[in-house]
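K.L.:
sequence unknown, structure follows:
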């Protein structure tokens, strides 16, 4: 069995109630769902008898797709512009993580973390070079 993420679930999570975004949402579902499924251990995807597990995996995938949709909306032209009205300046909140403005992607990865092939919290191997000459360090 594969993961199931629906347009209706993404729209619900994002608070979208118009059809204007159906195509971008469908495109994200098509792009992200196979990649998310690939990141999950095969035995969890195949455990179709465990409805709770499947619901958890589908919910995590829906949160990831929803989070990416909201992040894309923030990257649209004009979405985070600074406006000036005389001496008054209106700007987006400075502490917002524009890659995950509402924390849905973080929440989705945390939900899926126990079922992933690799733990994203483990430190990555760094490519570190040393040498006595600056040319060696490049």
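P.N.:
Done, it's in. Keep in mind it's a predicted model, so treat the numbers as computed, not measured.

K.L.:
Every contact and neighbour count from this point should use C-alpha atoms.
P.N.:
Fine.

K.L.:
model confidence over the lengthiest helix in the chain, on average?
P.N.:
Ranked by residue count, the top helix of the chain under DSSP state H comes out as helix 51-75. Regarding helix 51-75, the rounded mean pLDDT is 94.

K.L.:
quick one: strands adjacent to the helix or strand just after it?
P.N.:
Stepping forward along the backbone from helix 51-75, the first helix or strand reached (DSSP states H and E) is strand 83-85. Taking DSSP bridges as the criterion, strand 83-85 pairs within the sheet with strand 88-90 (antiparallel).

K.L.:
Show me what secondary structure element comes after the partner strand.
P.N.:
Assignment by DSSP H and E places the next element after strand 88-90 at helix 104-112.

K.L.:
which other helices and strands contact that following helix?
P.N.:
Contacting helix 104-112 under the criterion 3 or more Cα pairs under 8 Å, 6 or more residues apart in numbering; DSSP states H and E are the following elements: helix 51-75.
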